[in-house]
Structure formats: structure tokens, C-alpha cells
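output the structure for:
(chains A, B, C and D)
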Amino acid sequence: MSDLNNMTAAESAATKAAVMNQVPGPEIEGQSPLHHADLASLAKQGPKTGGIHLREQKLLGHLTLRCNAENAEQLAAVERVLGVALPLQPLTSTENGNYSIRWMSPDEWLILVPGLETFDIETKFRDEMPGHYSLVNSSGGSTVLELSGENVVDLLKKATPVDLHSKSFPVGKVVSTLFAKSTATIRRTGEQRFELVIRRSFSDYLWLWLQDASLEFGLVVEA
Amino acid sequence: MLHIYCPHCAEYREEDEFHCAGQAHIARPLDPEACSDQEWGEYLFFRKNPRGLHHELWVHAAGCRKFFNMTRDTQSYEIKEVYKIGEQPSVVAE
Amino acid sequence: MTQQNRLTSGGRIDRSTPLTFTYNGKQYKGFKGDTLASAMLANGIDVVARSFKYSRPRGIVACGAEEPNAVLQLGATEATQVPNVRATQQELFDGLVSASTNGWPSVDTDVMGMIGKVGGNMMPPGFYYKTFMFPESLWDTYESMIRKAAGIGRAPRERDPDTYDAVNQHCDVMIVGAGPAGLAAALTAARGGARVIIADEQNEFGGSLLNSTEQLDGKPAAEWVRAVVEELSTFDDVMLLPRSTVNGYHDHNFLTIHERRTDHLADIAPVNTVRQRIHRVRAKWVVLATGAHERPLVYANNDVPGCMITGAVSAYINRYGVVPGNELVVMTTNDYGYQAALDWADAGRKVVAIVDTREAAVGDRTEAARQRGLNIISGSAVIEVQGTKRVTSVSVAGLSSSGTKVIGSVTKLKADTVATSGGWSPVIHLSCHTGSRPVWSDSVVGFLPGPTVQKQLTAGGINGQYETATALQEGLDAGQKALAEVGLAAADVVLPDVKTLKVAAPMSLFHIPHIKPTSQAPKQFVDYQTDVTAAGIEIACREGFEAIEHVKRYTAMGFGTDQGKLGNINGMAVAAKALNKSIPETGTTVFRPNYTPIAFGAVIGRNCGALFEPERYTAMHKWHVEQGAMFEDVGQWKRPWYYPQKGESMQQSLNRECMAVRNSVGILDASTLGKIDIQGKDAREFLGRVYSNAWAKLAIGKCRYGLMCGEDGMVFDDGVTACLGENHFVMTTTTGGAAHVYEWLEIYHQTEWPELEVYFNTVTDHWSTATITGPNSRKLLEELTDFDVSNDNFRYMDWKQITVAGVPARVFRISFTGELSFEINVQANYGMAVWEQLIEAGAKYGLTPYGTETMHILRAEKGFIIAGQDTDGSVHPYDLGMGWCVSNQKPFSYIGKRGMNRSDCTRANRKQLVGLKTKDPKQVIPEGSAAVLDPKGPKPLEIQGHISSSYWSETLGHSIAMGFIKGGLDKMGETVYYPMADGTVIEAEICSPIFFDPKGERQNV
Amino acid sequence: MQKYSGFGLFKHSLSHHENWQRVWRNPTPKKKYDVIIIGGGGHGLATAYYLAKEHGITNVAVLEKGHLGGGNACRNTTIVRSNYLWDESAALYEHSMQLWEGLAQELNYNVMFSQRGCYHTCHTLQDMRSNERLVAANRLQGIDNEMVDAEQLQKEIPTMDCSKNARYPIMGASVQRRAGNARHDAVAWGFARAADALGVDLIQNCEVIDMEISDGKITGVKTKQYGVLKADRVGCVVAGNSGVLAKMAGFELPVESHPLQALVSEPIKPFLDTVVMSNHVHGYMSQSDKGDLVIGAGIDGWVGYGQRGSYGIIEHTIQAIVEMFPCTSRVRMNRQWGGIVDACPDASPIISETPIKNLFFNCGWGTGGFKGTPGSGNLFAHTLADGKPHPIAEPFSIQRFHTGALIDEHGAAGVAH
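Sure, this is the predicted structure:
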């Protein structure tokens, strides 16, 4: 182990997993999955009104936690690290400031945190979490799109077979589902506001798809 | 188009999100080496394939990615129940 | 042109908005609110088609989805052509261009019609099964003639300029049909607070009420319709979909609605608007309020233009202000048929006679006709009409009380229009789509929806209830029932007051007898579009085609674009009579989606062109594009295939890329390989169970190659797995196999070995992988890291966590080329940054980007397999000569172990992977070529195996190949032959598949 | 048997077609037959015909629970070809192909076998490799099959998009020019008529509800309508229902019955004069003599006997067709339907003895049964006559699922058809 040079406190006795700070210094700029689309320029030059608003919440820290929802010690440890409990009800989410947790599966949660805090939080988890669990940094593999506007539900209905009516899909609900010919984890954050976690390799496809499907409503890109 | 209740997500979802992994309750022989070719072949390939009630293994592939069992009528396509891995069906195919 | 059949007032058309349209090159006028059919009738156009088989002139028969004849070509430009548009369902728009589809030189003067007349008698059902057989050699010629006559309209030859989409909908109650029953159901469900979708195929809601003069609450029915629609529009949770046909009713209450959003505006959709949309609806409950179709009667020459159904005549008069003729004869078996005569008389044109097949029927409508002084001929029928392109007269004769025989003398009456009603067939199509069989009702004289497992209710005409008051009540009841079923309280709805008319019993009669036997009488059409006659059905029955499905298939009845909406029941009745059975004994009629045809474009929505399937990109994709890379499709990924430089052939590019790697250093984007993070104390045990080789002793910091087999022992994937921590591994898979491998791990964990403490997570997209390989790869790496990457400190098959180009990285010293290699993995957000710095720093070493093709050549020089290319599901590790990658010492019987020990898997002479060296070193054996031992032997030749990988090796200066040979591992040095398509034979020697650096020294430096 | 010909047609027209004979009798079953064939589909009827014609065994009954040719025989998309990969299957399907050629004359029934060719398009390098392998193998097996490049393909099929702009551009194709279509109903009816003429009893509306088995040997079958019918040998040819029949006999099969869907467009003027199939974008299409585009879909992923599947399959299939033939976007889908196919794990059929003596099964044709009709019947007749399999049928025994000698045709069988 000695030559795994950067493995510090994260070398938790319980999990014996390799953890590393994957974020370089500030001199190197990260490129989010939609970097090539240059959303910043579109936000400046593109239309300012339309039924759909889109914003990429880029370079967040994405941590996938898998553990046992019935293990009280683990649940307590999560709360110590994040200051908020894991959502145990299926398809729900919790949040605490900049931290949000999405239920993904009975033994899986997606934790979003500010990008620069990722390693700290991973390290804390490794220090705090007892028992059998896994924590995986997936920050490079996905990005978050925020979609809002008066036609946002009309747009999403074209992409996902999930019922988006507010009776079935209240604010705070999370679903992982099909999105066009890819997948997304969709969380409702307002009556007309949703966050989509999408996979990096599909992001260009989804960007194309969203532009096409928004034509009838008008698409406003926000920085 | 089947409408499937995922026992893990606790709601109905479209068939598009799932896929069927074949007949349920086919346990891997505990001692494969003790199986004859015939027994191993039957484990691998031979199936009930009933017209009527059938226990199937499904996975919520685009959702929670959990496997679960389903009892379904292969003629009417009615789903009688879904139940988690390790659980036993309450409606049993003959 | 004047619209000679247009009334000066009345109807739902807007006379202040005239529209111009073209039919067969000639311009006509119509009005907003017209269908193409109503406008054609207004202009006195009689002939709209020539029939399929006999080329007989045909006119408009009906006014809706059931129309069999008025099927036209639409479109003003090549790209906007639409074949087979039913004129009765196409709203008129200004500039509409239409044309009839058959007939040469035109529908009016068609020479095929002569052939139809002369040859028609030679074309009984199934005639083509009985002829065109001799001589056998001429069948191709016969067939090409048959095919020329095929088809109705034509497909455009240009790409569709329009867009389409699909929308997923959910509701408590889906109501199909917005006639009185559907509207009552919708109003009830909406007031009760349900989420409602109501769809109707027509441009406005109202259904039968739009066509009639009926009064609701003492006011025209349309006013009630307007009020209901207005109220429904106020509910947030009610979706109203006019111009929307519910086309399919699938399992678990899934329905598809085909909404035509712009077809009424032009033949091309306005900018940023979809032409058509599919609603994919999941409904808790469904109310079918689809109404009924009127049945025409079957009589001699009943296809002459001017022969219509009575309901259509009323609809054209009342809704469109068009009287489709001057002198009308009605023939009916029921009271409803009288309405056409009443409406015709109200329009001021001549009713020649109402011929009622019944004796002395007394109902409110018959009495109204009598009081109007209309000529009613009871107990009689129109047995034949005269005329070619328009009815000129009709022959009326008395009928026996059973309706099976003509009695008495035949009278000729002058008329240009014959409207018939044989009763109504409930529109049960949707109820059948999920496998429910309809049930015959003697009282309705039609099929009703059968028992179903769907959560389905029915109301109105579909139940054989044709009185408006009953339809409204049934709609209300269905609405209340649906509310209760979805857990909502009953709604407060008061139905409008409608006068219920007294109706006399209808007669069960379908086929009108002629004075001659059916076989000798003039043609009596059952299915117009497919030219099926009563005589044809009798022949089919006589020949032993007794099941109704046989009859339909033998005669083609019901196989038109109208799917037999008018003809099927009549056809069954004719068959039943011929077989001396009742209609239900003859069989039932089963319907499949679609209710009416639907554009392919609508079905696929926006999943076409660039959005047909996702293109998956790595973080460095943009760089590859900028470098002019050619791409290979691997699964959904776009991977650089090779990077041609100006003027290079593909082979030249490959040679250059290969030599760069062998002589200096190359760089490959390997990000697409599947990567699975595995954590937990049993991770190692799990690996041992899913890989064929041993994992117990893999130390932290080390990597190992593994083969993955199915329970049948056959290899399906491979890759390198690294031990990151005592309980932490990362597995790589093939690019195409990633999803399958992940699910493979999960299914075994979730269903077989849940007791093992291990979690799997896909991290494919998270890591970017830049592989630098070649003798100078270490030098290049050294330039970008402070870490000591010397062979002493960083061994082959080690991995290190180091910083490369300022970015934290996991670097694996593994090699797929046989050269010194480093696979640099960084979080994908920094993949491009590292890649660009490698490129920059590599310039002085001639760092060369290479693609998948060069990768394949380099690995083949080393004899490394590619799962999926050198395996095909039928080879186990020993077949691949990879017994070294199987550990039978493991205590657990890993997946594949038992399978690869089945008797066929252990027999001698299995196909085994070997190297093949051509006798002529310049010759590259084409991949896929099959080996034989004696190329001169007679066919079929026993195939010894095939070439799975084959390349020109610039490194070695000769071709190399890997392939399978029966018993090949024991046949080193022997010769096999590969016969080519051009008759030449390539000779090759069996050798080791490791062509280059067999001791593996280069990767170990 | 009344002989059919153009002259006969003319003669009958003079008597208003009133004198056509029945195509087959409607016999009451005898109590005992030499051979009972369960299943009156194409394969069962072909088996009966060849039993009578080639083996002289005419004391034969075909028991059909509905009407003749009413199952997959009338629900398939009518493709006939023999370009399979492995020697075993190539021999089987080529045997069938050779019987197709000349079948109309042999049966005196025009089955409208049209050798208009069948293309497998290649969209990836992997596709190219598989097809080149297939072509090379077929060449040595004596089966015509050749590669054409995209440019040539564009000339041969002008309505197909062979440009480089597609999501998965077509790189080339293999083509078997002897392949094509036939008229599905006519095949069943032609075999039925010819078998009947040779003395075979075709019993419709006769459902087998149990097997008479003692000492591991079958002696007859029990029917719903006619009670027990005895037989020396019983052949079961019931496609999608094989599992149900096997259960009656007390064993399981390596077979699952899945819905297989298909669809047709409205009839349009000649658009495509050959058969095109794509394993990669997953769809295939031909045009019928009536003008319908006949389009095939993949199988649904679950067991289903309802003769219908899920809408998603239809969507995907039409996407594939429009991807390859963009000009079909405005053409309209008329009908869709489903059949029940019994799929074997290796996508090859079973023509085999069973654990029960004198009971033989012919099943597992999956999506490829139509093309096999004459060959299957011919070989199964041989099996029933001899009590042991014909050499071509031998590799297709149930035993192969025990020994592991599978004949994996997933590559060649590819897209469902």
C-alpha cells in the first residue's frame, strides 16, 4: 500500500478502498460534459424568452453511496457527514444547503455536493462509515441539467414515460427513468422546475434532443 | 405494453424501463461438478414455458436496477403479483 | 366551377371562406369545414377510383373512416406526397392537391376497365393460386405483371420535410369518441375531478350529433355540444384532442392516439410545428364510446357511383350542405334508413322511393316518411342498379319474408342515388386489440365487445344503442363508474332532454337476392376495396374454405386500408348462408391495431435522422473530430477508427500509426472500455466466481487479465481488473459488453449470492483513459509527472496513483499492443486537459494518435483476442488456447467451469484459435474466409474454421491472421486452404497466433 | 385431385365457377392411424404430404385445433432463404430451399415463390465481418451468397439510403439471390390439398388435450372433440404451443414461446422489389404482390401466448425502416399483429426423438420457420417413417442441449424473420 502515495486518511480500515482527490489545482479548468456546446455563449447571445429554460449545473461532486438502509449506524454516520439523513422512502430526496441526496435504489443514493468539497466528504465518509458499504466518485461521469419554464412538463412528457402530474410527481420526488433514448435521474425542485442527472457520454445526444424537442416552445439557455 | 409495479420503487412504471430475464426460481446447482451433462443442460436450457401463470425474473433496468419476481398470465398478460428476490409467490403456477 | 350539389344554406361549413383545391389536375372550390369528399360531392365528382381487380369505376360511399373507395394521393410537392388518403377524413384546405390513384389514362376513361369486364370472370378468388404455374420459368414474368398492378398510392421519393413526436400521457379516464356518449362520460368524469383525456378522430367534437337535425333541450344538438366542450376546456386536468384517432388499445390500458395537428392546414407543417403526434396513454380506466358504422346492403352492381349508405347521405346534407344527387332511392332493413330520405326531401330534392325489406314496419321515423307522402315500398328490395359511372336506374322486386328469395315482378325506377342501410355494426375494434373476442348479438344484429381483462367500459353505439338519449345515459353511467373505480365521488350531471323515437324491429338481412343465382347475377360487392363479391365468397365456401379466416384470406376480404369496416359482417353473413350456419357459428371477426392507418413518421416521432440513436462521445471527442479522424461505430460509441493525413489511403494511415507505436509512441483514446468499481470484503471472492482464472492472490497495486464465461463455458467478455485496495477493485470490460457485464454481476449478486458483501458501480463515463504505448511512452510520461515511473518502481501489470500533467490519475501499466504502455485514467472532466498536454509534450517523440483499427492490428501481432471478434459464443477458453487463463484449483465452481466440461466441449477436433501465415506473405486473407483441407473437393465442403482477424502487418512486413481450425492446436505447420469468391485459393500455414515478440520482452522494459 | 391451370380457370368461368371441387375433404377421424401429426400448420401439413408421397404412409391424420394454416403459417413475413452459417443449418435450410424451387408445380398450387433476393445490410465493421464469414461459408456449402458494396447496393435498391449520412451508414450487404418470398397461406393450402389427395385425413377443430402414454411409449392422443385416437407414431408440430404439448407428455423443452410482431403498410406502388434485412438497426422489409410493405419486428423479451406484443417493438422496428428508407416516413402503417414463436437458445430448430418412445417433436424454429416449411416437413416425415432422424436432421436433436453441441445461429438468424 505504501506506494499508493496519495492514499491518506481515506485509507479506512473498514473498507480498505482506494480514495483519491481527483480534482487538480485551479490552474487546470475542468470541462463538463456539455463544455463543447458552449452554453455560456448561447446564454449571452441566444433568445431571452421561451417556454423552456436550461442551465447546466456543472462540475458538481457526484458521489454514489451504497449501503444498508437498515443499518442504523450507517444512517447515523451519513447524517454526521452531511448533516442530513438519507432519504429512505423510495423516490424521495433530501437536502441540506449545497448537499442533496437522491434515492436511487433501496441500497443506493446519489449525493451531490460542491465539486471542491468532494474529496473532503469522501474522506469523512471513509472515516465515519462502519460496516459494508461502497462510496464511488462519479463526478466525471455525469452532469446536472436544470430545466424550467412554463412548458417544462410538456417537454419532459416527450422524453420520459413517468407520470409528471404534480399529484404523482410532487416537488422533491426523484425518479431514475428513460429519457428519450438515454436515461436520467429526474428530481422535481419546483412546480415548473426539474433537475436531471444525465450521463456524460450521452450528454451531446440529449443536448441535441432537447433543442429539437423545445423548438415549439422556445429554448432559453441560462448561464 | 405491460405496466409493471416495481416492488422497490413502489410504483407502476412502463415496460420500457424493464426487461425480463426469463423464468424465475431457477437456482444454480450448489455443486455443479456433481451434475450430469443432462442435469446441467436442464439447468441451462429447459424451461416450463407455460400457457397461463408463469413466474418470471425481471429487472428494473432503467430505474433502480433491482431484480424481482413477477407472476404473470402468459395468455392474458395480466400481472398477478410482483415479489422480491428471496420471497415466495402467493399466487402459484401449477 | 359551380358547386352544383351545394345547398345555399345549412350545414357546419363556412360559406364566407371559400377554398380552392385540385383534383386530377382540375381546380374546384369548396368551403372551410368541408372534407375533401364533401367538396368533391358538392362539385358533382362521381368517379374517385378504379377498383383494384376489376378496374370498375367507384364513387364515394361513406363519410368517415369506413370509406373504402375515395382513397387518393395527396400532396403539392414531391416531398409532401401522402399515399392513400381517405377523402372522407381529409379536411379541405386552400391549395390542396389530390389525385386518384388507379386507372389509365385516367379514372374516367380507363382501358383496364375493359379488361376487368372481359377478364373479370377469369378472376375468381384465389385464381392466382391456380394459374401462372406453367412453365415454371415464366413465373418471374407473370409476377412482374402482377406487381405492376399493385398498390394504391405511391411513396414520395424525397425525404419527409416534416417532424413528428410522441408524448407520454397518464390519466384516470381515457374516453374514446366525443359523440353524445363520450361527451356525457367526459363531462361526468371531469366534474368528478378525474384526470381525463377525450379524443375524437374528427375535427370537431359531437360525433353523430354533428350530422343530425336532432334537438337537445329543445335546441340544436350542436349547442349542447358547444356548451359541454366549453365547460370541459375549463378543467386543468382534462385534455381535449380533436383530429385524434385512438388507433391501438394495448395491454394494461395502454393506448396510442394519433393526433393530426397540421394536416388540415397544408400538406407541410408550419415552421417549428410537428405535423402529427402520438400520445402514448396509460389510462386507469377506458371508456369506449366509439359509436357504430352503418352497413350497406349487398346487391347487384352496388358499387356503381351513386350507391351510398344512408347515414352518409344525411351527414353530407346536414353537416356539409351537400346533396350528393338528385333522385334518391333508399333501401333499408331498419327505421334509421328512413332518415336519409327525410333529410333528402328537406333539402328539396326528389325521393323516388323508400324500399323497406320489412313488411309494414311502424316506427316514428317510418311514420314521419309516410306523413311526408314519401313513396314507401315495403317487403321489397333494390336487387340491382344500372349505370356505369353513375347510377341511372334501379330494379326493385318483392322479397320473400325471410329475405332469401325474389318474389314477384321487377320494377325499374329512375334514380341517380341509392342509399342503403343494412343496420349498424358497433365499432368494437379497439375492444378486440388486446385479444378479447367479440360476441354476436341477435337483437343488435352485430358483434358487441366481448369479455376483457382490461379496465374498460363502453357506452352508446358500441353497445348497439343508437338512440341519443340512451347514449347520453350510458355515457353518464360510464363516467360515474370510472369515478368510483378511481376512488372519486360521483359527479352531479343532469342530461339534456332528448326525444326518444319509437323504433320498429330491424330485419336481419345482409345480402339481397337476385333473380339469378348469385354466381350468375351481376357482381354484388361485399368488400369494395378488395373487389370481393358475394359470388366469390360462395366459391370459397364451395371449395372448402369454411373457417371465416379462410374465407377472408382466400378472398382478401377485409385486407384493404379500410380493413373491412363496411364489408366484414356482410361477408360473414354471405359465408354463413353458403355454409348453412349462423353468423356466430361461422366465426368472429378479430381486429388488430391500427384502427385507421398511421404515418410511419408519426410512429417514430423524433427518433430519426440525427436522433435515431444516441451517439456516445468521450471527453476527447471534439479533438478527434478536429484531427479529421474517421470513426467506427462500437455499440453506440463513436470511436476514432484511424486518423488519415492528407493524401493517405487507409492502409497508409494504418501503417504509419502502427510503425509509430512500434518505433516511438502512439496514443489511443480508450475511454469507452467499460469500467466497474467493485467494493466490499467479498469482492475478491466474487471475481473468482465470475472469471475463469484465479484472483485470490492478486496484490493491491496489481492488475490481472480475466476471461468471463457463461454457464455454458463459452467466453463472452474479457478485460483487466485491478486491485485498488484490499476490498476494492476496478474491472474493465469490452466497449460493447459493458452493460451486459454489469447486469451479469448484478444478477448473480442479487439472485444467487446475496450473502456476498460486495457492491458494483458503473464508472465508465467517469474516467477518461489515454493510453500511451511504444518504446518512448515512459519518456513521455516522465515529462508530465514527478513520479518515478522507471521499470523498477513501476512494474509491468502494476497500477499507480500519481499526478499526470497536473491532474491526479490512476495509471495502469498494462499493454494491449505488446509495447511498453501506460493507461492514464483521470476524471473525465480533466480528460481533455491531460490529453492535450500529452499531445503537446509528445510532439518531440512523434506521438501519433491511433484508432481502433491500428489497435486491432497491434494486438493481433501479439495474438491477443478481441471478445466478440475472435469469439462468437461457441468457444471456451481452451478453444482459444487460453487454458492458462483457467484455474481449476479454485474451491468454488466458477461460472463456466461445468459448462466447458460437457461432453461436446471436451471432445477432440473442436475448432481452436491459431495463427495463420499465408504462403504469399503479401496476401491478406479476407476476414470471414472459411478453411478447407481440399479446395478441389465437391461441395458442400467440410469447413474447418474461419478467419476471425486478419491484417497487413507493416511491423512484420507480411500478413497475419487469426482463425479457427478443427483441432488446430495440434496441427501446427500444416496447410489449409481458403477458397475465394473469384475462384482463387489462398494457402496458409497453421502457426502460433503470437507473431511478434513471442517472449513479451517489449512490454517489460 | 382437380388439376389447376389457366385453361381450367377459363373452363370454369363458363360455368360461373359453380363446379370447383373442394380443396380438401372434411373427414370424420378414424379410431386408429399409422401416424398422427398434431398441428395443421405449414410444417405439419408438409410432413403429412411427404409421409404420403415419399414414404407411402397414407393412413395419417393431421389434427388441428383451429383451422389449417391458422397459426404462424398465416402470420409470418414469408421470407425464404438458406444462407445460414453452420454446416448443419446450411444443409437443413438448403434442403428446404431446393424443395421450394419447383414446389408450385409439384403441388399444382401456385405458392408464388418469388426469388427476388434477400439482402443483409451491414452497418458496422462487425456486421461486415459476420456477413463476410457467412458468405464465405455458404460458398463452400454450395449456397449462393455474395457481398455487394454500398455503391452497388444503392444501384440495386434505389429507395434505400446508402449514403454516409445515416446514423449507422450502410457499408455493404450480403445478398442471396435465390432467396425471396412466397405466399404464406398458399403454402399451407397447397400442402393440405396435396396431402388430402393422397389420402391423409385433415381434421380441423380437433384439439389434443392429452397424450396416451404407457410404459414410456405413446399409443395415441386424446382429443376434445373425438376422444382417443390411436396411432403407432405421433409427431408434434405445433410451433408456439410446443411447450404446452410437451407438458402433456411430461417433459420440458429447451424452448420459450415469445410474441413475434409484424406489420404492413397500406398498399403502395412498387417501391422495393427484394427483401432487405438489417440485424444492426433491427428491421426487415419486403413488398408484397399487393403492394403492402411487409415489415418484421423483433421478438418480445417475455413468454407470451396472446398473439400480440408490446408497442415499443413496433416503434423500434419502424424507426429502423425509416432510418434505412427515409422516403417511407409519409407511408402509413395499416395493420400490426403477432405470432407465437418457440425459440431455442441457439436459434436452431429441434427435429427430434423425445423421452417418450414413438413421440417425435418438430419445434423451436423461432423466427425462421416459414422458410423451413418444405424441408422441415420432408425431414420430419422421414423421421416419422423410419422412427429415427434423417441424417440432415440428426444434429437438431434435443440431446444437443445436454452435450453442448449447439448450433448457434443467432448471427445468421439475427433479426427476427
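
counting contacts, what elements does the one helix or strand D:Ser257 maps to pack onto?
With elements taken from DSSP states H and E, the one containing D:Ser257 is strand D:256-265. Judged by 3 or more C-beta pairs under 8 Å, 6 or more residues apart in numbering or on different chains; DSSP states H and E, the packing partners of strand D:256-265 are helix D:242-249, strand D:293-299, helix D:311-324, strand D:332-343. Heads up, the C-betas are built off the backbone N, CA and C, glycines and all.

and these: which comes nearest chain A?
Among the helices and strands packed on strand D:256-265, helix D:311-324 comes nearest to chain A, with 9.6 Å by C-beta to the nearest C-beta.

just the buried residues of that closest one, please?
Residues of helix D:311-324 classed as buried under the neighbour-count rule (16 or more other C-beta atoms under 10 Å in any protein chain shown) are D:311-324.

just those that are near chain C?
Restricting the buried residues of helix D:311-324 to those near chain C by C-beta under 8 Å from any C-beta of the partner chain leaves D:311, D:314-315, D:318-319, D:321-323.

that older thread, for the strand holding D:Ser257, the averaged confidence score.
Mean pLDDT, strand D:256-265: 96.

could I get the buried residues of helix D:311-324 as JSON lines with distance to C:Glu136 and pLDDT?
Shown next, in JSON lines, are those (distance: C-beta to C-beta, whole Å; pLDDT from 0 to 100):
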{"residue": "D:Tyr311", "distance to C:Glu136": "43", "pLDDT": "96"}
{"residue": "D:Gly312", "distance to C:Glu136": "43", "pLDDT": "96"}
{"residue": "D:Ile313", "distance to C:Glu136": "38", "pLDDT": "96"}
{"residue": "D:Ile314", "distance to C:Glu136": "38", "pLDDT": "96"}
{"residue": "D:Glu315", "distance to C:Glu136": "41", "pLDDT": "97"}
{"residue": "D:His316", "distance to C:Glu136": "39", "pLDDT": "96"}
{"residue": "D:Thr317", "distance to C:Glu136": "34", "pLDDT": "97"}
{"residue": "D:Ile318", "distance to C:Glu136": "36", "pLDDT": "98"}
{"residue": "D:Gln319", "distance to C:Glu136": "40", "pLDDT": "97"}
{"residue": "D:Ala320", "distance to C:Glu136": "35", "pLDDT": "97"}
{"residue": "D:Ile321", "distance to C:Glu136": "33", "pLDDT": "98"}
{"residue": "D:Val322", "distance to C:Glu136": "37", "pLDDT": "98"}
{"residue": "D:Glu323", "distance to C:Glu136": "38", "pLDDT": "97"}
{"residue": "D:Met324", "distance to C:Glu136": "33", "pLDDT": "97"}
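
could you single out the nearest of these to D:Thr274?
D:Met324 (12.8 Å; C-beta to C-beta).

which single residue in the stretch 751-900 of chain C comes nearest to chain B?
C:Arg898 (3.7 Å).

let me know how buried that residue is, in neighbour terms.
The local packing of C:Arg898 (other C-beta atoms under 10 Å in any protein chain shown) involves 25 other residues.

the nearest residue to it once chain neighbours are set aside and chain A: what is the separation?
Nearest non-adjacent residue to C:Arg898, counting by C-beta to C-beta, 6 or more residues apart in numbering or on different chains: B:Pro32, 3.7 Å away. Going from B:Pro32 to chain A by C-beta to the nearest C-beta, to the nearest Å gives 27 Å.

surely B:Pro32 touches C:Ile895?
No - using C-beta atoms under 8 Å, B:Pro32 makes no contact with C:Ile895, being 9.1 Å away.

and the residue of the stretch 101-250 of chain D nearest chain B?
The stretch 101-250 of chain D approaches chain B most closely through D:Gly243 (3.4 Å), counting by C-beta to the nearest C-beta.

format the helices and strands packed on strand D:256-265 as JSON lines; extra columns: distance to A:Ala72.
Shown next, in JSON lines, are the helices and strands packed on strand D:256-265 (distance: least, C-beta to C-beta, whole Å):
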{"stretch": "helix D:242-249", "distance to A:Ala72": "48"}
{"stretch": "strand D:293-299", "distance to A:Ala72": "47"}
{"stretch": "helix D:311-324", "distance to A:Ala72": "42"}
{"stretch": "strand D:332-343", "distance to A:Ala72": "48"}
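
so C:Pro506, which of the three states?
Here C:Pro506 is recorded as coil under DSSP: H, G, I helix; E, B strand; the rest coil.
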